[in-house]
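Peer 1: model this:
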Amino acid sequence: MEQVSHDKYLVQAEPTRNGVLESASKRVRMIFSVMASPNRIDILRILNSKGPLTYSELKSLAGFKSKKESGKFAYHLRKLLRQSLVALNKAERRYTITNLGKLVLSLARQIEERSIIESGKMYVRTTKPSIEEFNSNKIIHSLVREANMPLEQAHKITEEVENKIYKFQAVYLTSPLIRETVNSVLIEHGYEEYRNKLARLGLPSCDIVEKLASASSFRNGLDTIMSSASQSIFSEYLLTNVLPKDIADMHLAGELNISHSGTWGLVPDTIFLDVTDFANGSLDPRGKLLNVTRMHEIGKSGDFEIYLSLLISLLSKEASIEVVLEGIIPMILERTNSPDEISSRFAKALMLSSTAPSIHSELPVTTITIKANEIKADLVNALLVGYLQYVSSTPIPRIGISLIYGDSETQSSYLKYHIDNVVKVIRNGGMISLSHDDGLRANSGIRKSIGGSTSDAVVAYQSLSINLPRLAYQSNKDETYFRARLAMMIKPALAALEIRKNSVSELIEKGTLPVLINHSSFIQSGTTSIIVNLVGAKESVNDILEYHPKNDGNDILQKVLKTSVDVALDQKKYYGDSMIGVSMIADGSAHRFAALDSDKYGRAYLLSNQQPSEYSQGLFLSGEQLTQSSGNNSQSLIEECLLIEKILTGGLSVTLDVTQLDSERFKQALTLASSLPFLRPTVKHTICGSCGRRSGSGSLERCEYCKSPHLLATS
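Peer 2: Numbers count the residues shown, from 1 in each chain. The predicted model follows:
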């Protein structure tokens, strides 16, 4: 009886199981029928990448734009809803893809890929991105269009590449793999020039992994990672496709140095602008930068702080090293004569400007000029107090001040009224340069005016330096031969800078620097200066050529500099309206030159020059030495600087290190050096990479506040 009852149960259970299976099978068939329509697969793909979307958004993205197609779209969407592949959020009236829909979409993609594999054909994953059948005609097209190879030759290379590719037995090819194969064949045949034109530029995966792994050390977060990656690509492009091979080889060998190579062919180094010429005080880049606020009639507006922050933000992306702004201070003084209000408004404007993005993590610097001899002393002090508020709140300021005086006599008489605040600012990490009004200077020391030009807008190209110690060493202590080699180096250096100027000028005309191109003064009378920089002048003459200062060393140094200036001036006839100059400034090349020379000639070569880490750049004055010397000795140091200043046409950077001096001796050193046409006092600081606080000492091993070992030395 129990057995019969059990059998009866089994008999009743069987139809139920079959019903479930039939129901599941029917559901699968329905889902497969949904997948049979490419329109419905497209809807799932759109929702997977773009959703949630409204009905009208989804309809438009799916390509059903006309009213006649509305019914067709509704039919496909209804099918997806019924099979729970798409869901509707009734509260928001938006459609989303379900987990089941994602599974179906993934299955469709796998089926598509497997069908391609089974077909036996070769397919290419392109960078568009898409998957396309391999077509050798595209290789021919690239060789002709990109590398300028003759058609018959392109056919032969392509045939050889195609044979190699078919031997790979790869299911999927990629565009980079095909390009690498083409380049390897070109190299095998000795076609290096074609290969360089066809080469793919970029970073290997390990470099990207390394950058992401060390992201915590990047001071500006993601901006630094993106900037570093993009500059690596443009730097490679510059050396392989833009510069002549001899110039690129000189840079790689360490005879020349191209600073900021990632932006070298994209933007100028230094820009001098008078902001009062911006269309009568307005800020309008016209059809460019459409997400940036336009400001008109600045002269009638009280929003000076907003105007200055916008201006600095925009211009900081149009130069690689420095933007020098004239005319800012008169704008402030037109609005108020109250020292307290001047300090407050200036500080606020600078703080708002501190978030300005740039193409480098630390550069460019924005320098605001103050004509201290034309403004009342209390107003200059008010501006310095405002600047002090900014630098006290900013670990590494990117905005500097240029105090301009009429001449050495005027500077000496006016500086005493400002010197206390100048000392405070520099001790707190501020960037202040002092100069006479014989031609405006950038914070780096580069001249605005070369050869008497007085243009309001000047674009300067200066990031190319010559390694003088290398030339001196290779001259076998023959001073005449050394100067002859230097003369020969000046010519290709100027030629490289001219190539750069033309390249950037073409980009400016295309609107890549929208603020500069809309600057009325630049359009009407803007001029360009090309400046070659000399590095390691002291080491080359005093140590390698062995002409010591007491043994005609200064005379030989002046002869060397005069040779370079004369050659540069002689070459001016080949460079049209460009101003040509020679400078001695700091551009970051000294350490690279010294490291390369150490590798090439041995460590003893550098140690014999008493420069174990880097060469000298510009001229360096020790405040301690200057204040401890007798009157005659300190005067001789100043006179040496003045003699070199008179020779160089492109600019001279004189750095006065006052790190070890107390306030009184600091003032004494500034006063003694006030006869120099350009001077930048510096104090070495240490910035903590963990807490961001500044220490007055440049030789700490740990942060004095949070005890972190992650310290950054600045000056």
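
Peer 1: could you pull out the helices for the stretch 401-550 of the chain?
Peer 2: Assigned by DSSP state H, counting those that start in this stretch, the helices in the stretch 401-550 of the chain fall at 408-427, 468-474, 479-509, 514-517, 520-525, 537-538.

Peer 1: Can you mark which positions in the second one are buried?
Peer 2: The reference is to helix 468-474. Going by neighbour count (16 or more other C-beta atoms under 10 Å), the buried part of helix 468-474 is 468-473. No exception for glycine: its C-beta is placed from N, CA and C like everyone else's.

Peer 1: Put the alpha carbons of it into PDB.
Peer 2: Coordinates of each C-alpha in helix 468-474 appear next as PDB, following Å, rounded to 0.1, in the frame of the first residue of the first chain:
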ATOM      1  CA  LEU A 468      81.200  74.600 -22.100                       C
ATOM      2  CA  PRO A 469      83.200  72.300 -19.900                       C
ATOM      3  CA  ARG A 470      82.800  69.500 -22.500                       C
ATOM      4  CA  LEU A 471      84.200  71.900 -25.200                       C
ATOM      5  CA  ALA A 472      87.000  73.000 -23.000                       C
ATOM      6  CA  TYR A 473      88.000  69.500 -22.200                       C
ATOM      7  CA  GLN A 474      88.000  68.400 -25.800                       C
END
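
Peer 1: residues in contact with it?
Peer 2: 254-255, 482, 485-486, 489, 534-537, 539-541, 543-545, 560, 593, 597, 601, 605, 609, 615 (C-beta atoms under 8 Å, 6 or more residues apart in numbering).

Peer 1: Now restrict those to buried residues only.
Peer 2: Buried, going by 16+ other C-beta under 10 Å: 254-255, 482, 485-486, 489, 534-537, 539-541, 543-545, 560, 593, 597, 605, 609, 615, out of the contacts of helix 468-474.

Peer 1: Now intersect those residues with the strands, please.
Peer 2: Members of the buried ones among the contacts of helix 468-474 lying in strands (criterion: DSSP state E): 534-535.

Peer 1: what's around Pro150, how many residues?
Peer 2: 10 (other C-beta atoms under 10 Å).

Peer 1: Which residue comes closest to it once chain neighbours are left out?
Peer 2: Nearest residue to Pro150, sequence neighbours excluded (C-beta to C-beta, 6 or more residues apart in numbering): Val144, at 7.9 Å.

Peer 1: Residue ranges of each domain in the protein, please.
Peer 2: 24-111, 121-200, 204-241, 243-267+464-507+527-617, 270-444 (automatic domain parsing).

Peer 1: Phe134 contacts Tyr166, doesn't it?
Peer 2: No: between Phe134 and Tyr166 there is no contact under C-beta atoms under 8 Å: 9.2 Å.

Peer 1: Show me which of the two is the more surrounded one.
Peer 2: Phe134 (16 against 11).

Peer 1: burial count for the residue nearest to that one when sequence neighbours are not counted?
Peer 2: Nearest residue to Phe134 in three dimensions, chain neighbours excluded: Met122, at 4.2 Å (C-beta to C-beta, 6+ apart). Residues lying near Met122 (other C-beta under 10 Å) number 17.

Peer 1: With Lys646 instead?
Peer 2: With other C-beta under 10 Å as criterion, Lys646 counts 12.

Peer 1: between the helix or strand encompassing it and helix 408-427, how big is the angle?
Peer 2: Secondary structure assigned from DSSP states H and E places Lys646 in helix 631-647. If you take axes from the mean of the first three to the mean of the last three C-alpha atoms, to 10 degrees, helix 631-647 sits at 100 degrees to helix 408-427.

Peer 1: residues in contact with helix 631-647?
Peer 2: Outside helix 631-647, the residues that reach it (C-beta under 8 Å, 6+ apart) are 554, 557-558, 561-562, 565, 584, 619, 621, 625-627, 629, 652, 654, 672-673, 675-678.

Peer 1: Pull out the CA atoms of that helix and give them to me as CSV.
Peer 2: What follows is helix 631-647, C-alpha atoms only, in CSV (Å, rounded to 0.1, in the frame of the first residue of the first chain):
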residue,chain,number,x,y,z
GLY,A,631,85.3,96.9,0.7
ASN,A,632,87.7,96.3,-2.2
ASN,A,633,87.1,92.6,-2.3
SER,A,634,83.3,92.9,-2.3
GLN,A,635,83.6,95.6,-5.0
SER,A,636,85.7,93.3,-7.2
LEU,A,637,83.0,90.6,-7.0
ILE,A,638,80.4,93.1,-8.1
GLU,A,639,82.6,94.5,-10.9
GLU,A,640,83.2,91.0,-12.2
CYS,A,641,79.4,90.6,-12.5
LEU,A,642,79.0,94.0,-14.2
LEU,A,643,81.7,93.2,-16.8
ILE,A,644,79.9,89.9,-17.8
GLU,A,645,76.5,91.7,-17.7
LYS,A,646,77.8,94.2,-20.3
ILE,A,647,78.9,91.5,-22.7
